[in-house]
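Have a look at this prediction, sequence included:
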Amino acid sequence: VIALSDAIKNQVHLTELDLSDNSANALGIGFFVNSLHQLKSLRTLVLNRTPLGINMQSSIDLGQILPQLTELVSLNLQYTAIGSQSAGAFAALTSGLAVLSQLQTLSLDNAYIGSQGNTDLINLSHALKNMTALKYFQLLPQYTYTTKPTDTYTQITFDDTLIHTVNLALQSTNTTLPITQALTTSERVKNYLSFFPKSTHSFVFSNFFDATTPANTLTSLMNGLSEFKSLTSLDLSNNDFGHNLPAAQALGDGFRFILQLESLFLTNNTLGALDDSSASLFAQGLAKLQNLKTLSLAQNYFNSSDSSPNSVIDTLSIQGLKHLINLEVLDLSASSASASLGTSGLSTALVKMKNLRELYLGSNAIGNFLSPGYTENSQRLMKAIATLKHLTKLNLQGNSIDSAGSVLADSLKTLVTLTHLDLSQNNIQSSQCETVGESLGSLVELEVLNLGLNEWGGGELKIANRQIQTLGKSLSRMPKLTFFDITNNYIGLLNA
């Protein structure tokens, strides 16, 4: 440890140092900390999962050294248990932090801050007020990690006053949502939002709500967001709205308060579990967001039951997506769709999206309804994709295209603006590879092409040779191609 810390000390031109996840003891971390004072060019310092919290002198020393690191813009002290030491040691550290007016990123997740009382958070808030360049601040107050002998997660409950003390310090910064704290009541939502500048343009509420969150909490959130006229991006991923129908309805109704929104992320919310009424209300609210350019509905389990096939995705498509004519990016990947994704609803919606640039449909088992039994649906979906004349990125990875390559090929021929295409993990059969390969020749703007995990080079030798020759001709028409993946195929197996 001494030898390494001495060596680091002499690297005066070092700009990034990561000492995370090492097993140096309390004394060892002290050597490392004291090696920092000569690293005047350091811009990024990561001390994640180091025993700062059990060496008070190291925290004091770090507080004294930080003001000398005038180029530092990113500091990560996650899982260091620095909050478990004396108030004096933490105060010394925050005094050093207060000088870092140039700091842009500060991560203090699970550092046990506040476990010794309110003073730590008050000192931290004073330091944060001076960080005028801060763009990202993360503090996880609910669960903090301790390096004490118990080595277990400890739940600490912070009252609203403490949470607000830290939030208040961030009013002058550009940060979005600094603290992951469950907003369980309407009053807490109102108080929480009141401490953010009205110029805030982006909020992230991922993992904030669950199936037990009252609907009026979501109503308060959306009402509160109406005061943020500059809000353009909202992330509500991982909140399980599909299993909280009243909350989902409240959210759908609340979209009318943020009509200026340009980006909306609803990833992994089990929306496939919505009933017909809730899906309808949610979709109608979504339709009001006419300025929306980016929408993620990925990982929402649109795997409709046999008794009511296609209901949720059809409702969302016909009553919601169809009206989002300014949409440029749509992500429906990994939604576990079976018969649902090939419905007339989604196809109708896609045809309306004349401005769509990026479409992500990966990992949806589309091949399930590209088989002969679902010919009508498959053709309808692929024909809809073929109308997207401005599409630059298309992801169809992991869809079990199998023997339906001809349907795919007909659509690809028209997508001449594509720059990125992912057809990997589709088991495109050797009998279909020549047809698909030929269609790729129309895509002269391609920069990224992924054909991994298919059957190019498979089948009889004559067929295999023809596949590769056709693909080769198509590749020769792609002068801008910078990435090509054809791993896990059968090339060379029969000397093709």
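Good, I have the coordinates. All figures in this text were calculated on a predicted structure; none of them were measured in a lab.

Can you pull the poorly scored residue ranges out of the stretch 351-496 of the chain?
The model of the stretch 351-496 of the chain has pLDDT under 70 over residues 367-378, 402-404, 493-496.

again, but for the stretch 201-350 of the chain
303-310, 336-344.

so Ile267 makes contact with Thr294?
Residue 267: Thr, not Ile. No: between Thr267 and Thr294 there is no contact under CB atoms under 8 Å: 11.7 Å. Any C-beta I mention is one placed from the backbone N, CA and C, and that applies to glycine too.

Next one: Thr470 from Arg477, what distance?
Thr470 sits 12 Å away from Arg477, taking CB to CB, to the nearest Å as the criterion.

same question, Gly96
59 Å.

what residues are up against Asp331?
Contact analysis of Asp331 by CB atoms under 8 Å, 6 or more residues apart in numbering lists Thr267, Leu295, Ser296, Leu297, Ala298, Glu358, Tyr360.

Out of these, which two are the most distant from each other?
Using CB to CB, those span at most 15.0 Å, a distance reached by Thr267 and Glu358.

could you pull out the helices for the stretch 301-450 of the chain?
311-319, 344-352, 375-386, 405-412, 430-439 (DSSP state H, counting those that start in this stretch).

Output the contacting helices and strands for the second one.
It refers to helix 344-352. helix 311-319, helix 375-386 (3 or more CB pairs under 8 Å, 6 or more residues apart in numbering; DSSP states H and E).

Ranking these by mean neighbour count, which comes first?
A comparison of these by mean neighbour count, using mean count of other CB atoms under 10 Å, puts helix 311-319 on top with a mean of 24.

Check which element follows whichever helix or strand Leu251 is part of along the chain.
If you go by DSSP states H and E, Leu251 is part of helix 245-254. Scanning forward in sequence from helix 245-254 by DSSP H and E, the next helix or strand is strand 263-265.

and His390, what is it in contact with?
Lys354, Asn355, Leu356, Arg357, Thr417.

Closest one of those residues to Lys198?
For those, the nearest to Lys198 is Asn355 (29.7 Å; CB to CB).

ok, the closest one touching Asn326?
Yes: assessed by CB under 8 Å, Asn355 is found in contact with Asn326 at 5.8 Å.

All the strands of the stretch 101-250 of the chain, in order from the start?
Per DSSP state E, counting those that start in this stretch, the stretch 101-250 of the chain carries strands over the ranges 105-107, 136-138, 143-145, 153-155, 202-204, 233-235.

again but with the stretch 351-496 of the chain, I slipped
Going by DSSP E, counting those that start in this stretch, the stretch 351-496 of the chain shows strands at 358-360, 393-395, 420-422, 448-450, 483-485.

who wins for proximity to Asn34 among these?
So among these, strand 483-485 is nearest, using CB to CB, at 45.0 Å.

tell me which residues of the closest one are tucked away?
Across strand 483-485, burial judged by 16 or more other CB atoms under 10 Å covers no residue at all.

How about stretch 208-217?
Phe208, Phe209, Thr213, Pro214, Ala215, Thr217.

just stretch 395-415 next, same as before
395-405, 407-409, 411-412, 414-415.

Also stretch 435-444?
Thr435, Val436, Gly437, Glu438, Ser439, Leu440, Gly441, Ser442, Leu443.

Can you redo the residues you listed as TSV, where the extra columns are distance to Gly63?
Formatted as TSV, the buried residues of stretch 435-444 follow (distance: CB to CB, whole Å):
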residue	distance to Gly63
Thr435	67
Val436	62
Gly437	63
Glu438	66
Ser439	63
Leu440	59
Gly441	63
Ser442	62
Leu443	57
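
before we move on, the earlier item: quick one: which of the contacts of Asp331 sit in strands?
Leu295, Ser296, Glu358, Tyr360 (DSSP state E).

Around the second one, count how many other residues there are.
When neighbours are defined as other CB atoms under 10 Å, Ser296 has 21 of them.

pretty sure it contacts Thr267?
Yes: counting by CB under 8 Å, Thr267 is a contact partner of Ser296 at 4.9 Å.

which ones are touching Gly46?
Small correction: residue 46 is Val, not Gly. Leu17, Asp18, Leu19, Ser20, Asn76.

Helices of the stretch 1-150 of the chain, residue ranges please.
Ranges of helices in the stretch 1-150 of the chain, per DSSP H, counting those that start in this stretch, are 2-9, 26-34, 56-65, 87-98, 118-129.

Please say which of Gly96 and Arg477 ends up with more neighbours.
Gly96 (20 against 13).

Need the pLDDT of that one.
The score at Gly96 is 93. That number is its pLDDT.

going forward can the numbers begin at 267, since that is how I track them
Shifting the count to begin at 267 puts that one at Gly362.

could you list every residue that touches it?
Leu328, Gly329, Gln330, Ile331, Leu332, Pro333.

In contact with the fourth one, which residues?
Think Ile331. Ile331 sits next to Val299, Asn300, Leu302, His303, Gly362 when contact means CB under 8 Å, 6+ apart.

want to throw the residues you listed into CSV with distance to Asn489?
As requested, the contacts of Ile331 are arranged in CSV below (distance: CB to CB, whole Å):
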residue, distance to Asn489
Val299, 47
Asn300, 52
Leu302, 47
His303, 50
Gly362, 40
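
buried set for stretch 366-378?
The neighbour-count check on stretch 366-378 (16+ other CB under 10 Å) flags Leu366, Leu369, Gln370, Thr371, Leu372, Ser373, Leu374, Asp375, Asn376, Ala377, Tyr378 as buried.

whoops, I mixed them up, stretch 551-561
Buried-residue list, stretch 551-561, by 16+ other CB under 10 Å: Gly551, Leu552, Ala553, Lys554, Leu555, Leu558, Lys559, Thr560, Leu561.
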